[in-house]
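Participant: here you go, sequence then predicted model.
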Amino acid sequence: MQFLEFARVCERLEGTPGRLDMIEQVAAVLPGLDDEELPVFVRFVMGRVFPDWSSKKLGVGPNLLYDAVAYVVGTKRETVREAINTTGDAGLAVEALLAKKEQTSFFTEELDLTGVYREFERIAAAEGQRSQREKLRVAQWLFGNALPLEGRYLARLMLEELRIGVGEGNVRDAVAKAFEVDVRLVEHAHQAMNDLGAVALLARRDPDALSRVTIEPFRPVKMMLAQAGTIAAQIEDHGEVAVEYKYDGSRFQFHKVGGVCRIYSRRLEDVTESLPDIVTLLREATDHDVILDGEAVAVRDGRPMPFQYVIRRFRRKHEVDAMMEKIELVPRVFDILYLDGETLMDRPFSERRKALEGALREHVTSQFRVTDAAAAESIYAAALDLGHEGVMVKVLDAPYTPGVRGRIWVKVKPGVETLDLAVVGAEWGEGRRAGTFGSFLLAVQDQGRLLTVGKVATGITDEMLAELYALFKDRVIARSGKEVTLEPEVVFEVGYSEIQTSPNYESGYALRFPRFVRVREDKSVDEAETLDSLAERYGRQRNGQESL
């Protein structure tokens, strides 16, 4: 497939409002792709370059993009920046700039889909002092050979924000339709492989194999997610439930085969070198080959410490030993996905728990099985006394569903309700906030789209203002007056008093009295609250079920 053809597909999808029409269009393309093109197309059309489990990162920021396009067009970086600021869309701005360049370019090569992917691999592989120079050189070559429409989607892919509204759910359904397989089999395979591109290839080559796909060590899968709920509702719906402490730590996934161990963060980043103590503790606690799901908790004198201490360890790449002396981490393991060559994800939670207790000698989290709400409430009170965030209430007969947020796991904690929301924009501050971003525009995710739900300005200290400015200043991709558009890469945890319907934001909802709680550095934008979950919270709120 020529990259121009891919760009035309994206342009059609960008103008398609209906989900079913999108699925039809994607499904119509898939059978005509060869085996090399198919997985690349599937990932690209979702705005992703590499499989979700892969540690490869493009590492192309706005400034590198400005420089590459400026070189190709024969202008200054500021001109490119201004064009993007004017349109509010890097892709459309690059398309317009390349249209002028086209008149003076004679020696160009046609871009094809897999060729672009290989160039992206070269960008991701660039390391060391000269890495930015190499990334820039490859980006210049791509834009130098791109037609204007191709430039629109090259720019967006480089920033990993395709803006055509095609999410995982749409592509999953399109794969099922294109190769005439049960969508549940596609979903099952995707949960285990964590790569819809590879799943699409398997669906064409050997559909029967979709049901036999298993999780593989050192190929991390997305972590199962919880949503807010109540103890009473879970017991009413399921009878006996498992209650566990909810830790104020950071999720990890631990993989071990023989003596080889790796540990992955919630964002599926390899953090083995940052957490050697956790790796050693878990390696010494089992003789089995395992994939474990747990939480790293910072402790001092036996008491848990706040989340910010944990994340300092996850971020640490240098002087790890010194940081280990300052911040002690301990693992708390609550699930097992793989044991001695066998995938356990489809097993009921009660069976997985039994397997976990048999495989791990230490570090298994406490669990209480209850059928009575009063008993569960006493466990909840004890968790708070011990310094934990609250409790998790889990359904005993449920499978492990990677990346799915549902009522199989429910989190219960006191105080203000919170949401994890993607940061998509900001506004320059005034007064003591002058020179920094004073407020931030937030969004929920919905099938590949990010829909705004409000702004947050309160709860941010002067010290945090400076930290947030440093975090976002290189993520600005467009400016309009006092407002800026940001690369959607950061998640905020935000408290609120109430969810309201509102025509002012794209989601149709707004938050009353939103308050910044913290940056969720352990979460990716894919894990931001979904529109469906927000609507469900609104419904529970109206029915008076938000209280414990």
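Facilitator: That came in fine, so what should we check first? Everything quoted here is computed from the prediction, not taken from an experiment.

Participant: point out where this protein drops to low pLDDT.
Facilitator: By pLDDT under 70, the weakly predicted segments of the chain are 102-107, 315-320, 322-323, 325, 415-416, 542-548.

Participant: what residues are up against Leu142?
Facilitator: Going by CB atoms under 8 Å, 6 or more residues apart in numbering, Leu142 touches Ala68, Leu111, Val116, Glu119, Leu154. (Each C-beta comes from the backbone N, C-alpha and C, glycine too.)

Participant: which helix or strand contains the fourth one?
Facilitator: Using DSSP states H and E, Glu119 falls within helix 113-125.

Participant: which residues sit against that helix?
Facilitator: 1-3, 5-6, 36-37, 40-41, 44, 49-50, 56-60, 134-135, 138-139, 141-142, 154, 157.

Participant: Ala198 and Pro39 touch, don't they?
Facilitator: Yes: using CB atoms under 8 Å, Ala198 makes contact with Pro39 at a distance of 5.7 Å.

Participant: just give me the neighbour total for the residue nearest to Pro514 when sequence neighbours are not counted.
Facilitator: The shortest distance from Pro514 to any non-neighbouring residue, by CB to CB, 6 or more residues apart in numbering, is to Val456 (4.4 Å). Val456 has 22 neighbouring residues, counting by other CB atoms under 10 Å.

Participant: from Asp35, how far off is Val456?
Facilitator: 46 Å (CB to CB, to the nearest Å).

Participant: which residues sit in contact with Ala226?
Facilitator: By CB under 8 Å, 6+ apart, the contact list for Ala226 reads Met392, Arg405, Trp409, Val410, Lys411.

Participant: need the CA coordinates for stretch 148-165. CSV is fine.
Facilitator: This file holds the C-alpha atoms of stretch 148-165, laid out as CSV (Å, rounded to 0.1, in the frame of the first residue of the first chain):
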residue,chain,number,x,y,z
PRO,A,148,0.8,17.5,1.2
LEU,A,149,-1.9,15.0,2.2
GLU,A,150,0.7,12.5,3.3
GLY,A,151,2.3,15.2,5.4
ARG,A,152,-0.9,15.7,7.3
TYR,A,153,-0.9,12.1,8.6
LEU,A,154,2.9,11.8,8.9
ALA,A,155,2.9,14.8,11.3
ARG,A,156,0.0,13.4,13.3
LEU,A,157,1.6,9.9,13.5
MET,A,158,4.9,11.3,14.6
LEU,A,159,3.0,13.1,17.5
GLU,A,160,0.9,9.9,17.9
GLU,A,161,-2.4,11.8,17.7
LEU,A,162,-4.1,10.8,14.4
ARG,A,163,-7.4,12.7,15.2
ILE,A,164,-9.6,10.5,13.0
GLY,A,165,-11.6,8.9,15.8
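
Participant: re the thing from before, the residue nearest to Pro514 touches Ala443, doesn't it?
Facilitator: No: with contact defined as CB under 8 Å, Val456 does not count as touching Ala443 (11.6 Å).

Participant: what packs against the strand or helix carrying Glu11?
Facilitator: Assigned by DSSP H and E, Glu11 falls within helix 3-14. Secondary-structure packing of helix 3-14 (3 or more CB pairs under 8 Å, 6 or more residues apart in numbering; DSSP states H and E): helix 19-29, helix 37-45, helix 113-125, helix 148-158.

Participant: now stretch 170-185, how far from the centre of its chain.
Facilitator: Remark: stretch 170-185 is offset 23 Å from the chain centroid, using CA atoms, centre = their mean, to the nearest Å.

Participant: start to end distance for it?
Facilitator: Stretch 170-185 has its terminal residues 15 Å apart, counting by CA to CA, to the nearest Å.

Participant: show me what it is in contact with.
Facilitator: Contact partners of stretch 170-185, identified using CB under 8 Å, 6+ apart, comprise 19, 22-24, 26-28, 30-31, 42, 45-46, 186-187, 190, 196, 199-200, 203-204, 207, 210-211, 447-448.

Participant: 6 Å instead, please
Facilitator: If you take CB atoms under 6 Å, 6 or more residues apart in numbering as the criterion, stretch 170-185 is touched by 22-23, 26-27, 30-31, 42, 46, 186, 196, 200, 203-204, 207, 210-211, 447.

Participant: okay, buried residues for that stretch please.
Facilitator: Going by neighbour count (16 or more other CB atoms under 10 Å), the buried part of stretch 170-185 is Asn170, Val171, Arg172, Asp173, Ala174, Val175, Ala176, Lys177, Ala178, Phe179, Val181, Leu185.

Participant: what is the nearest of the residues you listed to Phe492?
Facilitator: Asn170 (26.4 Å; CB to CB).

Participant: roughly how far out does the host helix or strand of the closest one sit from the chain middle?
Facilitator: In this assignment (DSSP H and E), Asn170 forms part of helix 168-178. Relative to its chain's centre, helix 168-178 lies at 20 Å (CA atoms, centre = their mean).

Participant: distance from the next helix or strand after that helix to the middle of the chain?
Facilitator: Under the assignment DSSP H and E, the closest C-terminal helix or strand after helix 168-178 is helix 183-193. Chain-centre distance of helix 183-193: 18 Å, with CA atoms, centre = their mean.

Participant: helix, strand or coil: sort out Ile263 for me.
Facilitator: Three-state call for Ile263 (DSSP: H, G, I helix; E, B strand; the rest coil): strand.

Participant: that one reaches Phe254, doesn't it?
Facilitator: Yes: applying CB atoms under 6 Å, one finds Ile263 in contact with Phe254, separated by 5.1 Å.

Participant: Gln227 belongs to a strand?
Facilitator: Yes: Gln227: assigned to a strand according to three-state DSSP.

Participant: in this structure it contacts Arg405, no?
Facilitator: Yes: counting by CB under 6 Å, Gln227 does reach Arg405; the two are 5.3 Å apart.

Participant: Phe254 bridge partners, please.
Facilitator: Assessed by DSSP bridges, Phe254 has beta-bridge partners Ile263, Leu292.

Participant: what about it, how many neighbours?
Facilitator: By other CB under 10 Å, the residues close to Phe254 number 29.

Participant: ditto for Val80
Facilitator: Neighbours of Val80 (other CB under 10 Å): 24.

Participant: likewise the one 5 residues further on?
Facilitator: Using other CB under 10 Å, Asn85 is surrounded by 17 other residues.

Participant: excluding its backbone neighbours, what's nearest it?
Facilitator: Excluding the flanking residues, the one nearest Asn85 by CB to CB, 6+ apart is Arg479, at 4.1 Å.

Participant: next helix or strand past the helix or strand hosting the one you found?
Facilitator: Assigning secondary structure by DSSP H and E places Arg479 in strand 476-480. For strand 476-480, the succeeding helix or strand toward the C-terminus, using DSSP H and E, is strand 483-486.
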